[in-house]
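K.L.:
fold the following, please.
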Amino acid sequence: MPEPFRTLTSKSLVLSQANIDTDQIIPARFLTTTSRKGLGRHAFHDWRYEADGAPRPEAALNRIDPAERRILVAGDNFACGSSREHAPWALLDYGFRAVISTSIADIFTSNALKNGLLPIEVDAQTWAELAANPDHPVTLDLEAQELRRGIAPPVSFTVEPFARRCLLDGVDTLGWLQSHAPAIAAYEAAREPETAA
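P.N.:
A predicted model of the protein is given here:
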């Protein structure tokens, strides 16, 4: 898992197309690995590279510094299509920590939260303001569940409570269970049947 997610302040990258599916995020031919490392170079591969592998200079993801734009502002119905954990893996490895859209596919949302990527749904007006100002830093405060930018009023968002706790702590489901191992062991020990003398 990535480091704990509490607040993130970053400029954004806007991909305003609606219905960007998971095969566009990470084409199926790159799903043969079980490692997250290196998948960022294949994020939006067919948008970023020619058939011979040459980078397309006009591709937005080839023209930015991912360290400066860790928030993806995406079009409606983002990450629709087939379920694949490789999609959030690729976005995280590229450098994103959050995706903001007016609508994000449920399966992708679940996969993203389990892997440390924060998906946020906002209203159309907020989205339009973000899309029009990608160079203006946005602050995502997961503890307060607020999106803040400039002097505009904060925008509330919600994250499923258990997923939010895991993001704040920087753990996945297994990590959360492991952190409770002593309590689990004590519970089990207290319920062991007494052996006959």
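
K.L.:
where does the most centrally placed residue in the chain land on pLDDT?
P.N.:
Nearest to the geometric centre of the chain sits Leu117, at 2.2 Å (Cα atoms, centre = their mean). On pLDDT, Leu117 comes in at 96.

K.L.:
over to the one 3 residues further on?
P.N.:
Model confidence at Ile120, expressed as pLDDT, equals 98.

K.L.:
in what element of secondary structure is it found?
P.N.:
strand 118-121 (DSSP states H and E).

K.L.:
next structured bit after that strand?
P.N.:
Using DSSP H and E, the first helix or strand after strand 118-121 is helix 124-132.

K.L.:
got the buried residues for that next one?
P.N.:
Of the residues in helix 124-132, 126-127, 129-131 count as buried by neighbour count, 16 or more other Cβ atoms under 10 Å. Yep, even glycine has a C-beta here, placed from its N, CA and C like the rest.

K.L.:
and the strand holding Ile120, what does it pack onto?
P.N.:
Applying 3 or more Cβ pairs under 8 Å, 6 or more residues apart in numbering; DSSP states H and E, one finds that strand 118-121 makes contact with strand 98-101, helix 106-115.

K.L.:
that one pairs with which strands?
P.N.:
strand 98-101 (parallel) (DSSP bridges).

K.L.:
run through who's touching the partner strand.
P.N.:
8, 12, 70-79, 91, 112, 117-122, 127, 130, 138, 140, 147 (Cβ atoms under 8 Å, 6 or more residues apart in numbering).

K.L.:
where in the chain is pLDDT low?
P.N.:
1-2, 173-181, 194-197 (pLDDT under 70).

K.L.:
quick one: the helices in it?
P.N.:
According to DSSP state H, the chain carries its helices in the segments 22-25, 45-48, 86-94, 106-115, 124-132, 161-169, 173-179, 181-190.

K.L.:
surely Cys166 and Leu142 touch.
P.N.:
No: look at Cys166 against Leu142 with Cβ atoms under 8 Å: they stay out of range, at 10.9 Å.

K.L.:
and these two? which has more neighbours close in?
P.N.:
Comparing Cys166 with Leu142 by other Cβ atoms under 10 Å, the one with more neighbours is Cys166, at 22 against 19.
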